[in-house]
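> just coords:
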(Lines give C-alpha, C1' and ligand atoms only; values in the text may rest on other atoms or scores of the structure.)
Protein backbone atom coordinates (compact mmCIF):
# COMPACT_ATOMS: atom_id res chain seq x y z
CA UNK A 1 0.00 0.00 0.00
CA UNK A 2 2.82 2.39 0.88
CA UNK A 3 4.45 1.73 -2.49
CA UNK A 4 1.22 2.55 -4.32
CA UNK A 5 0.93 5.82 -2.40
CA UNK A 6 4.35 6.86 -3.69
CA UNK A 7 3.43 6.36 -7.36
CA UNK A 8 1.49 9.65 -7.77
CA UNK A 9 4.33 11.50 -6.08
CA UNK A 10 6.88 10.01 -8.47
CA UNK A 11 4.64 10.88 -11.43
CA UNK A 12 4.39 14.49 -10.24
CA UNK A 13 8.15 14.75 -9.76
CA UNK A 14 8.74 13.27 -13.20
CA UNK A 15 6.22 15.65 -14.85
CA UNK A 16 7.72 18.67 -13.07
CA UNK A 17 11.24 17.62 -14.11
CA UNK A 18 10.24 17.14 -17.73
CA UNK A 19 8.32 20.43 -17.74
CA UNK A 20 11.36 22.27 -16.37
CA UNK A 21 13.62 20.63 -18.99
CA UNK A 22 11.18 21.46 -21.81
CA UNK A 23 10.86 25.07 -20.60
CA UNK A 24 14.65 25.48 -20.61
CA UNK A 25 14.83 23.98 -24.10
CA UNK A 26 12.10 26.27 -25.45
CA UNK A 27 13.67 29.38 -23.91
CA UNK A 28 17.17 28.44 -25.02
CA UNK A 29 18.31 30.56 -27.95
CA UNK A 30 21.07 29.60 -30.33
CA UNK A 31 22.32 33.17 -30.33
CA UNK A 32 23.40 32.87 -26.69
CA UNK A 33 25.95 30.16 -27.50
CA UNK A 34 28.28 32.53 -29.28
CA UNK A 35 27.48 35.86 -27.62
CA UNK A 36 30.91 35.96 -25.93
CA UNK A 37 32.78 35.13 -29.16
CA UNK A 38 34.61 37.67 -31.30
CA UNK A 39 33.35 38.94 -34.65
CA UNK A 40 34.73 37.38 -37.81
CA UNK A 41 36.54 39.73 -40.18
CA UNK A 42 35.50 39.95 -43.85
CA UNK A 43 38.87 38.56 -44.95
CA UNK A 44 38.62 35.32 -42.97
CA UNK A 45 34.94 34.81 -43.88
CA UNK A 46 35.26 35.75 -47.56
CA UNK A 47 35.76 32.21 -49.00
CA UNK A 48 32.64 30.72 -47.43
CA UNK A 49 29.85 32.02 -49.76
CA UNK A 50 31.96 31.15 -52.80
CA UNK A 51 32.71 27.63 -51.53
CA UNK A 52 29.01 27.09 -50.79
CA UNK A 53 28.36 27.76 -54.48
CA UNK A 54 30.92 25.09 -55.37
CA UNK A 55 29.03 22.58 -53.22
CA UNK A 56 25.77 23.51 -54.93
CA UNK A 57 27.49 22.92 -58.29
CA UNK A 58 28.07 19.26 -57.35
CA UNK A 59 24.28 18.74 -57.54
CA UNK A 60 24.24 19.68 -61.25
CA UNK A 61 24.42 16.92 -63.86
CA UNK A 62 25.80 19.24 -66.55
CA UNK A 63 27.65 22.36 -65.40
CA UNK A 64 27.78 23.67 -68.98
CA UNK A 65 23.96 23.78 -68.96
CA UNK A 66 23.02 24.33 -65.30
CA UNK A 67 19.41 23.95 -64.21
CA UNK A 68 19.55 24.94 -60.53
CA UNK A 69 22.10 27.76 -60.43
CA UNK A 70 21.61 30.33 -57.63
CA UNK A 71 21.48 34.07 -58.45
CA UNK A 72 24.88 35.01 -59.80
CA UNK A 73 25.67 31.45 -60.87
CA UNK A 74 28.09 28.98 -59.32
CA UNK A 75 31.11 31.24 -59.66
CA UNK A 76 33.23 28.65 -61.43
CA UNK A 77 34.47 27.82 -64.93
CA UNK A 78 33.16 24.37 -65.99
CA UNK A 79 36.26 23.88 -68.14
CA UNK A 80 38.39 23.84 -64.97
CA UNK A 81 36.40 21.05 -63.30
CA UNK A 82 39.00 18.27 -63.25
CA UNK A 83 36.57 15.49 -62.34
CA UNK A 84 33.08 14.99 -60.99
CA UNK A 85 31.83 11.69 -59.56
CA UNK A 86 28.26 10.62 -58.81
CA UNK A 87 26.88 7.74 -56.74
CA UNK A 88 27.61 5.15 -59.43
CA UNK A 89 31.27 6.08 -59.43
CA UNK A 90 31.62 6.39 -55.65
CA UNK A 91 29.90 2.98 -55.19
CA UNK A 92 27.96 4.38 -52.24
CA UNK A 93 31.15 4.89 -50.21
CA UNK A 94 30.61 8.65 -50.08
CA UNK A 95 28.29 11.30 -51.51
CA UNK A 96 29.09 12.79 -54.96
CA UNK A 97 32.04 15.18 -55.19
CA UNK A 98 34.16 17.13 -57.62
CA UNK A 99 37.71 18.45 -57.91
CA UNK A 100 37.98 22.00 -59.26
CA UNK A 101 41.05 24.02 -60.13
CA UNK A 102 40.20 27.50 -58.85
CA UNK A 103 42.62 29.86 -60.60
CA UNK A 104 40.89 32.95 -59.17
CA UNK A 105 41.72 31.94 -55.60
CA UNK A 106 44.79 29.86 -56.50
CA UNK A 107 43.45 26.70 -54.92
CA UNK A 108 42.86 23.05 -55.72
CA UNK A 109 39.34 22.47 -54.35
CA UNK A 110 37.71 19.15 -53.47
CA UNK A 111 33.99 19.69 -52.77
CA UNK A 112 31.66 17.01 -51.36
CA UNK A 113 27.88 17.43 -51.30
CA UNK A 114 25.57 16.60 -48.40
CA UNK A 115 23.33 13.71 -47.45
CA UNK A 116 20.77 12.38 -49.91
CA UNK A 117 17.63 11.40 -47.98
CA UNK A 118 16.78 8.81 -50.65
CA UNK A 119 20.13 6.97 -50.48
CA UNK A 120 20.50 4.15 -47.96
CA UNK A 121 24.26 4.19 -48.46
CA UNK A 122 24.45 7.70 -46.96
CA UNK A 123 22.60 6.58 -43.84
CA UNK A 124 24.92 3.57 -43.62
CA UNK A 125 27.92 5.92 -43.42
CA UNK A 126 26.32 8.00 -40.65
CA UNK A 127 25.17 4.98 -38.64
CA UNK A 128 28.54 3.24 -38.79
CA UNK A 129 29.80 4.48 -35.43
CA UNK A 130 29.80 3.71 -31.72
CA UNK A 131 31.13 5.76 -28.82
CA UNK A 132 34.89 5.28 -28.60
CA UNK A 133 35.00 2.91 -31.57
CA UNK A 134 37.80 4.51 -33.61
CA UNK A 135 40.97 6.21 -32.39
CA UNK A 136 43.02 8.63 -34.50
CA UNK A 137 46.03 10.80 -33.65
CA UNK A 138 45.45 10.70 -29.91
CA UNK A 139 41.69 11.25 -30.08
CA UNK A 140 38.47 9.68 -31.33
CA UNK A 141 36.69 10.09 -34.65
CA UNK A 142 33.48 8.95 -36.33
CA UNK A 143 34.17 5.50 -37.78
CA UNK A 144 31.95 5.64 -40.89
CA UNK A 145 33.05 9.15 -41.87
CA UNK A 146 36.72 8.22 -41.46
CA UNK A 147 36.32 5.21 -43.74
CA UNK A 148 34.65 7.43 -46.37
CA UNK A 149 37.45 10.01 -46.04
CA UNK A 150 40.18 7.40 -46.47
CA UNK A 151 38.40 6.02 -49.54
CA UNK A 152 38.29 9.48 -51.16
CA UNK A 153 41.98 10.05 -50.37
CA UNK A 154 43.09 6.75 -51.88
CA UNK A 155 40.93 7.39 -54.96
CA UNK A 156 42.12 10.93 -55.66
CA UNK A 157 45.62 11.22 -54.13
CA UNK A 158 47.32 10.91 -57.53
CA UNK A 159 45.09 13.57 -59.11
CA UNK A 160 45.61 15.96 -56.19
CA UNK A 161 49.36 15.35 -56.21
CA UNK A 162 49.57 16.08 -59.95
CA UNK A 163 47.57 19.32 -59.64
CA UNK A 164 49.74 20.52 -56.76
CA UNK A 165 52.91 19.74 -58.71
CA UNK A 166 51.60 21.70 -61.70
CA UNK A 167 50.52 24.59 -59.45
CA UNK A 168 53.12 24.71 -56.64
CA UNK A 169 51.83 27.98 -55.16
CA UNK A 170 48.20 26.84 -54.89
CA UNK A 171 46.56 25.85 -51.62
CA UNK A 172 44.67 22.59 -51.10
CA UNK A 173 41.10 23.32 -50.02
CA UNK A 174 38.49 20.80 -48.88
CA UNK A 175 34.85 21.82 -48.51
CA UNK A 176 31.72 19.84 -47.74
CA UNK A 177 28.18 20.18 -46.46
CA UNK A 178 26.37 18.01 -43.88
CA UNK A 179 27.60 14.43 -44.38
CA UNK A 180 30.21 15.78 -46.80
CA UNK A 181 31.41 18.22 -44.11
CA UNK A 182 32.15 15.34 -41.78
CA UNK A 183 34.01 13.50 -44.55
CA UNK A 184 36.23 16.47 -45.49
CA UNK A 185 36.97 17.19 -41.81
CA UNK A 186 38.37 13.71 -41.30
CA UNK A 187 39.92 13.75 -44.76
CA UNK A 188 42.00 16.76 -43.70
CA UNK A 189 43.16 14.91 -40.59
CA UNK A 190 44.29 12.04 -42.80
CA UNK A 191 45.94 14.40 -45.32
CA UNK A 192 47.91 16.21 -42.60
CA UNK A 193 49.15 12.87 -41.30
CA UNK A 194 50.10 11.76 -44.84
CA UNK A 195 51.51 14.95 -46.37
CA UNK A 196 54.41 12.94 -47.80
CA UNK A 197 52.05 11.40 -50.34
CA UNK A 198 51.18 14.92 -51.56
CA UNK A 199 54.71 16.18 -52.10
CA UNK A 200 55.18 17.18 -48.44
CA UNK A 201 52.73 20.06 -48.81
CA UNK A 202 53.01 22.58 -45.99
CA UNK A 203 50.34 22.44 -43.34
CA UNK A 204 49.57 26.14 -43.79
CA UNK A 205 48.57 25.46 -47.44
CA UNK A 206 45.87 22.98 -46.36
CA UNK A 207 42.42 24.35 -45.53
CA UNK A 208 39.05 22.83 -44.77
CA UNK A 209 35.60 24.43 -44.59
CA UNK A 210 32.96 22.19 -43.02
CA UNK A 211 29.51 23.64 -43.70
CA UNK A 212 26.86 22.46 -41.18
CA UNK A 213 29.05 19.55 -40.01
CA UNK A 214 28.04 16.56 -37.90
CA UNK A 215 29.89 15.77 -34.70
CA UNK A 216 32.85 13.80 -35.99
CA UNK A 217 35.92 14.20 -33.73
CA UNK A 218 36.81 14.42 -30.06
CA UNK A 219 37.54 17.72 -28.32
CA UNK A 220 41.31 17.25 -28.42
CA UNK A 221 41.33 16.86 -32.20
CA UNK A 222 38.74 19.62 -32.73
CA UNK A 223 41.00 22.14 -30.98
CA UNK A 224 44.32 20.79 -32.30
CA UNK A 225 43.24 21.11 -35.93
CA UNK A 226 41.52 24.49 -35.52
CA UNK A 227 44.25 26.11 -37.64
CA UNK A 228 43.18 23.95 -40.59
CA UNK A 229 39.46 23.20 -40.14
CA UNK A 230 36.74 25.87 -40.13
CA UNK A 231 33.14 24.89 -39.28
CA UNK A 232 30.24 27.09 -40.35
CA UNK A 233 26.87 26.85 -38.55
CA UNK A 234 23.76 28.86 -39.41
CA UNK A 235 21.86 29.89 -36.25
CA UNK A 236 19.68 26.92 -35.12
CA UNK A 237 21.07 24.15 -37.35
CA UNK A 238 20.28 20.81 -35.68
CA UNK A 239 23.10 18.57 -36.95
CA UNK A 240 26.13 20.06 -35.13
CA UNK A 241 24.03 19.98 -31.93
CA UNK A 242 22.73 16.41 -32.21
CA UNK A 243 23.89 14.75 -28.99
CA UNK A 244 21.85 11.56 -29.22
CA UNK A 245 23.48 8.79 -31.24
CA UNK A 246 21.86 8.67 -34.65
CA UNK A 247 21.19 4.97 -34.40
CA UNK A 248 19.22 5.56 -31.17
CA UNK A 249 17.15 8.24 -32.90
CA UNK A 250 16.20 5.89 -35.72
CA UNK A 251 15.45 3.05 -33.29
CA UNK A 252 13.27 5.30 -31.13
CA UNK A 253 11.40 7.06 -33.91
CA UNK A 254 8.42 4.75 -33.31
CA UNK A 255 8.30 5.91 -29.68
CA UNK A 256 9.07 9.62 -29.57
CA UNK A 257 7.93 10.04 -25.91
CA UNK A 258 10.46 7.37 -24.91
CA UNK A 259 13.21 9.24 -26.75
CA UNK A 260 12.25 12.56 -25.11
CA UNK A 261 12.15 10.90 -21.71
CA UNK A 262 15.62 9.40 -22.10
CA UNK A 263 17.00 12.69 -23.45
CA UNK A 264 15.50 14.60 -20.51
CA UNK A 265 17.00 12.24 -17.94
CA UNK A 266 20.38 12.28 -19.69
CA UNK A 267 20.53 16.09 -19.93
CA UNK A 268 19.39 16.52 -16.34
CA UNK A 269 21.87 14.19 -14.69
CA UNK A 270 24.92 14.65 -16.96
CA UNK A 271 27.07 17.55 -15.77
CA UNK A 272 29.14 19.70 -18.13
CA UNK A 273 32.38 18.72 -16.35
CA UNK A 274 31.63 15.06 -16.96
CA UNK A 275 30.96 15.71 -20.64
CA UNK A 276 34.29 17.50 -21.07
CA UNK A 277 36.18 14.72 -19.28
CA UNK A 278 34.76 12.07 -21.61
CA UNK A 279 37.49 11.96 -24.28
CA UNK A 280 35.31 9.74 -26.50
CA UNK A 281 32.61 12.37 -26.92
CA UNK A 282 32.49 13.87 -30.43
CA UNK A 283 32.15 17.57 -31.31
CA UNK A 284 31.87 19.88 -34.29
CA UNK A 285 35.41 20.24 -35.69
CA UNK A 286 37.92 23.07 -35.71
CA UNK A 287 37.33 26.82 -35.48
CA UNK A 288 33.64 27.63 -35.31
CA UNK A 289 31.83 30.34 -37.27
CA UNK A 290 28.27 31.02 -36.10
CA UNK A 291 25.97 33.01 -38.40
CA UNK A 292 23.25 34.66 -36.30
CA UNK A 293 20.28 36.05 -38.23
CA UNK A 294 17.44 36.01 -35.69
CA UNK A 295 16.87 37.30 -32.18
CA UNK A 296 14.83 35.53 -29.47
CA UNK A 297 11.14 36.40 -29.19
CA UNK A 298 11.33 38.61 -32.28
CA UNK A 299 9.95 38.03 -35.76
CA UNK A 300 11.84 38.25 -39.03
CA UNK A 301 15.50 38.14 -39.95
CA UNK A 302 18.05 40.75 -38.97
CA UNK A 303 21.32 41.74 -40.66
CA UNK A 304 23.47 38.64 -40.08
CA UNK A 305 26.36 38.67 -37.64
CA UNK A 306 29.20 36.16 -37.85
CA UNK A 307 30.95 35.25 -34.60
CA UNK A 308 33.99 33.02 -34.34
CA UNK A 309 36.04 31.24 -31.67
CA UNK A 310 37.84 28.02 -30.82
CA UNK A 311 35.94 27.21 -27.62
CA UNK A 312 36.63 24.26 -25.33
CA UNK A 313 33.12 24.26 -23.89
CA UNK A 314 29.94 25.47 -25.54
CA UNK A 315 30.67 23.84 -28.91
CA UNK A 316 26.96 23.70 -29.83
CA UNK A 317 26.25 21.20 -27.06
CA UNK A 318 22.50 21.84 -26.75
CA UNK A 319 19.84 21.00 -29.28
CA UNK A 320 17.68 24.05 -30.01
CA UNK A 321 13.90 23.55 -30.19
CA UNK A 322 13.24 25.80 -33.17
CA UNK A 323 11.06 25.71 -36.26
CA UNK A 324 14.17 26.76 -38.20
CA UNK A 325 16.38 23.87 -37.01
CA UNK A 326 16.08 21.97 -40.28
CA UNK A 327 15.82 24.98 -42.61
CA UNK A 328 19.08 26.37 -41.20
CA UNK A 329 20.79 23.15 -42.28
CA UNK A 330 20.00 23.69 -45.98
CA UNK A 331 23.05 24.62 -48.06
CA UNK A 332 21.05 27.12 -50.13
CA UNK A 333 20.11 29.12 -47.00
CA UNK A 334 23.65 28.96 -45.65
CA UNK A 335 24.95 30.31 -48.96
CA UNK A 336 22.45 33.17 -48.97
CA UNK A 337 22.98 34.19 -45.35
CA UNK A 338 26.77 33.89 -45.54
CA UNK A 339 26.75 36.14 -48.61
CA UNK A 340 24.52 38.63 -46.78
CA UNK A 341 26.84 38.52 -43.79
CA UNK A 342 29.88 39.15 -45.97
CA UNK A 343 28.17 42.07 -47.74
CA UNK A 344 27.12 43.65 -44.43
CA UNK A 345 30.53 43.16 -42.86
CA UNK A 346 32.36 44.54 -45.91
CA UNK A 347 30.15 47.64 -46.12
CA UNK A 348 30.61 48.27 -42.40
CA UNK A 349 34.39 48.01 -42.75
CA UNK A 350 34.38 50.43 -45.69
CA UNK A 351 32.24 52.93 -43.75
CA UNK A 352 34.59 52.68 -40.77
CA UNK A 353 37.65 53.29 -42.95
CA UNK A 354 35.97 56.33 -44.54
CA UNK A 355 35.15 57.69 -41.08
CA UNK A 356 38.73 57.21 -39.91
CA UNK A 357 39.93 58.94 -43.07
CA UNK A 358 37.67 61.92 -42.41
CA UNK A 359 38.95 62.17 -38.83
CA UNK A 360 42.56 62.22 -40.05
CA UNK A 361 41.71 65.09 -42.37
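Everything's here; your move. Please read these numbers as outputs of a predicted model, since none were measured by experiment. Residues are numbered from 1 along each chain as shown.
> From now on I want contacts and neighbour counts done on CA atoms only, so please keep to that.
Will do.
> which residues of the stretch 151-300 of the chain score low on pLDDT?
243-277, 296-300 (pLDDT under 70).
> now the helices for it?
179-193, 219-224, 246-252, 256-269, 272-277 (DSSP state H, counting those that start in this stretch).
> so what's residue 344 up against?
303-304 (Cα atoms under 8 Å, 6 or more residues apart in numbering).
> Name the helix or strand for it, please.
Secondary structure from DSSP states H and E places residue 344 in helix 331-360.
> roughly how far apart are residue 62 and residue 84?
Going from residue 62 to residue 84 by Cα to Cα, to the nearest Å gives 10 Å.
> who has more neighbours, the two?
Between residue 62 and residue 84, residue 84 has the larger neighbour count (other Cα atoms under 10 Å), namely 16 against 11.
> where do the strands sit along the stretch 51-200 of the chain?
Ranges of strands within the stretch 51-200 of the chain are 81-85, 97-102, 107-112, 134-136, 139-141, 171-177, based on DSSP state E, counting those that start in this stretch.
> what helices or strands is the second one leaning on?
Counting contacts by 3 or more Cα pairs under 8 Å, 6 or more residues apart in numbering; DSSP states H and E, strand 97-102 packs against strand 81-85, strand 107-112.
> try the last one
Strand 171-177 is packed against helix 47-58, strand 107-112, helix 179-193, strand 206-211, with contacts defined by 3+ Cα pairs under 8 Å, 6+ apart.
> Name every strand pairing with that strand and say which way it goes.
strand 107-112 (parallel), strand 206-211 (parallel) (DSSP bridges).
> ok, now which ones touch the residue nearest to the spatial centre of the chain?
Most central in the chain under Cα atoms, centre = their mean is residue 213, positioned 2.0 Å from the mean C-alpha point. Contacts for residue 213 (Cα under 8 Å, 6+ apart) come out as 177-182, 231-233, 239-240, 284-285.
> Tell me the one of these nearest residue 316?
residue 240 (6.5 Å; Cα to Cα).
> my read: that closest one touches residue 211, true?
No - in this structure residue 240 lies outside contact range of residue 211 using Cα atoms under 8 Å: 9.9 Å.
> can you list residues touching both of the two?
Joint contacts of residue 240 and residue 211 (Cα under 8 Å, 6+ apart) are residue 233.
> Between these two, which is the more surrounded one?
residue 211 (33 against 26).
> If that one is in a bridge, with which residues?
residue 177, residue 232.
> Now do it against residue 231, distance only.
From residue 211 to residue 231 the distance is 6 Å (Cα to Cα).
> most packed of the helices and strands packed on strand 97-102?
strand 107-112 (a mean of 26; mean count of other Cα atoms under 10 Å).
> who's in contact with that strand?
54-55, 58, 95-102, 160, 163-164, 170-177, 180-181, 184.
> Stretch 187-206 too?
146, 149-150, 152-153, 157, 160-161, 164-165, 170-174, 207-208, 225, 228-229.
> Any quick ChimeraX command for the buried ones out of those?
The command below creates a ChimeraX selection of those among the contacts of stretch 187-206 that count as buried (16 or more other Cα atoms under 10 Å):
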select :146,149,150,152,153,160,161,164,170,171,172,173,174,207,208,225,228,229
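> right, and residue 125 touches residue 144 too?
Yes - assessed by Cα under 8 Å, residue 125 is found in contact with residue 144 at 4.8 Å.
> ok so, going back, nearest to residue 36, of the strands of the stretch 51-200 of the chain?
Among those, if distance is taken as Cα to Cα, the winner is strand 171-177, at 26.0 Å.
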